[in-house]
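Asks: My questions are about this predicted structure, shown below with the sequence.
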Amino acid sequence: MNLRKQALIAGASEGIGAAFAVELAARGYDLWLLARRIQPLQLLESQIAAVYPDCLIHLIQVDLAIEDACARIIDELKGTAVDFFVYNAALSFIGPFLSISIEGHLKLVDVNIRTLMKLTYSLGQGMCQRRSGQVVIMASLAGVQGSPYLTSYASSKSFDRIFGESLWYEWKEYNVQVLTCVAGATNTPGYTNTSPVIKGFIRPQVQTPAQVVRACFANLGKVPSFVSGGSNKLGFIVMNRLLPRKWAVSIMAQSTLSMYGDKIIKAD
Ligand SMILES: NC(=O)c1ccc[n+]([C@@H]2O[C@H](COP(=O)([O-])OP(=O)(O)OC[C@H]3O[C@@H](n4cnc5c(N)ncnc54)[C@H](OP(=O)(O)O)[C@@H]3O)[C@@H](O)[C@H]2O)c1
């Protein structure tokens, strides 16, 4: 009988998800690594296996955007009790709301909200019954005020934060810890592929995935949510507590325009 704890990472093959996988393997967990592309998953599997030969690694190839993603994942788990669940994957679009198809926006809702909610519901039932479990949900600084040109992404990340914070309270009595990480710019393929242009006085201090994951473990079980990174914390306080809301939203708009100006084609 395998007595090792089990961790499921949704969006595991790169960036923050991969850093979670490495950290959880180091902490003695077996891993269930999930993503759409199999090769990056296999590469990560071989890298972890080389360092942690006792770690049993399972790969799940599924797109979190599809309607039955949650059912397929539960099927793949074959009744395995998940002790640690990370929902890391997200879909994002940069551009005016109307320049992106409604199908695109709704697919984003499927990945960033619906499948997160379904999986948390399924896995949370077992955790609450067993009176044990840990859940980490990735949110974003984009979701703490209006973020023009990131409208659906930022709104979904706002949902993710409130969802995680609410469960932090509800599931405390079941000894299930829920943490939402409000991340800022992090050096992941997902971020670098957007080719941000960093100029002007608002310069994000880019964190490494390992820094974000370390901060998650430092905060898990202590707070409902936290902002990762010193300068991000400062930015959060200024934007959310000090500035009038209309200034905060306008600053976000200007910052996104200056980083992605050439990609932001205004809809007619
Ligand atoms: N990076 C940043 O600057 C930043 C800033 C703030 C917040 N965040 C948050 O941090 C989280 C991680 O962001 P990230 O930049 O590391 O990477 P990401 O691009 O959101 O996701 C990376 C991982 O998720 C998998 N993935 C993506 N879409 C998927 C889907 N539909 N179904 C299954 N797997 C999927 C990717 O593999 P496949 O492509 O093979 O599926 C990869 O393993 C997100 O929730 C994001 O909102 C990131």
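Replies: Perfect, I can see it now. Since we're looking at a predicted model, the values are computed, not measured. Numbering: from 1, shown residues only.
Asks: Next up, the contacts around the residue in the stretch 151-268 of the chain that the ligand sits nearest to.
Replies: Nearest residue of the stretch 151-268 of the chain to the ligand, counting by CB to the nearest ligand atom: residue 190, 2.7 Å away. (Glycine included, C-beta is placed from N, CA and C.) Applying CB atoms under 8 Å, 6 or more residues apart in numbering to residue 190 gives the contacts 14, 15, 90, 92.
Asks: Make sure I have this right: it is in a strand.
Replies: No. Counting by DSSP: H, G, I helix; E, B strand; the rest coil, residue 190 falls outside a strand, being helix.
Asks: ok, now how distant is it from residue 44?
Replies: Counting by CB to CB, to the nearest Å, the gap from residue 190 to residue 44 is 15 Å.
Asks: Flag every residue of the protein that's near the ligand.
Replies: 11-17, 35-37, 40, 63-65, 88-90, 111, 138, 140, 157, 183-186, 188, 190-191 (CB under 6 Å from any ligand atom).
Asks: Among those residues, which lie within helices?
Replies: When DSSP state H is applied, the residues of the chain next to the ligand are split such that 15, 16, 17, 40, 157, 190, 191 fall in helices.
Asks: By neighbours, which of those wins?
Replies: residue 16 (32 neighbours; other CB atoms under 10 Å).
Asks: Spatially nearest residue to that one, not counting backbone neighbours?
Replies: In space, and not counting its chain neighbours, residue 16 is closest to residue 209: 4.5 Å by CB to CB, 6 or more residues apart in numbering.
Asks: on that earlier part again, put the buried members of the contacts of residue 190 into a PyMOL selection.
Replies: Listed next is the PyMOL selection for buried residues among those, using 16 or more other CB atoms under 10 Å:
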select buried, resi 14+15+90+92
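Asks: Just put the contacts of residue 190 in a markdown table and tack on pLDDT.
Replies: Listed next are the contacts of residue 190 as a markdown table, based on pLDDT from 0 to 100:
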| residue | pLDDT |
| --- | --- |
| 14 | 97 |
| 15 | 98 |
| 90 | 98 |
| 92 | 96 |
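Asks: show me where the chain has strands.
Replies: Ranges of strands in the chain, per DSSP state E, are 6-10, 30-35, 57-61, 84-87, 133-140, 176-183, 225-227.
Asks: coming back round to it: if I look at the residue nearest to residue 16, how far off is residue 39?
Replies: 19 Å.
Asks: neighbour-wise, which of those two wins?
Replies: For residue 209 and residue 39, the more surrounded residue by other CB under 10 Å is residue 209, and the numbers stand at 23 against 9.
Asks: That one is in contact with residue 188, isn't it?
Replies: Yes. Under the criterion of CB atoms under 8 Å, residue 209 is in contact with residue 188, at a separation of 5.8 Å.
Asks: Need the overlap of contacts for those two.
Replies: Taking CB under 8 Å, 6+ apart as the criterion, residue 209 and residue 188 both touch 15, 16.
Asks: What is the burial count for residue 129?
Replies: Per other CB under 10 Å, the neighbour tally for residue 129 reads 12.
Asks: swap in residue 3?
Replies: When neighbours are counted by other CB under 10 Å, residue 3 registers 4.
Asks: Then residue 231?
Replies: Neighbours around residue 231, by other CB under 10 Å: 15.
Asks: Equivalent analysis for residue 23, please.
Replies: 18.
Asks: What residues does it make contact with?
Replies: Going by CB under 8 Å, 6+ apart, residue 23 touches 210, 213, 214, 217.
Asks: Return the per-residue confidence for the first one.
Replies: Taken from the predicted model, the pLDDT recorded for residue 210 is 98.
Asks: okay but it is in contact with residue 18, surely?
Replies: No. If you go by CB under 8 Å, residue 210 and residue 18 don't touch, sitting 9.7 Å apart.
Asks: what residues are up against the residue nearest to residue 128 when sequence neighbours are not counted?
Replies: Distances taken as CB to CB, 6+ apart put residue 174 closest to residue 128, at 4.0 Å, once the chain neighbours are dropped. Taking CB under 8 Å, 6+ apart, we find residue 174 in contact with 127, 128, 131, 133.
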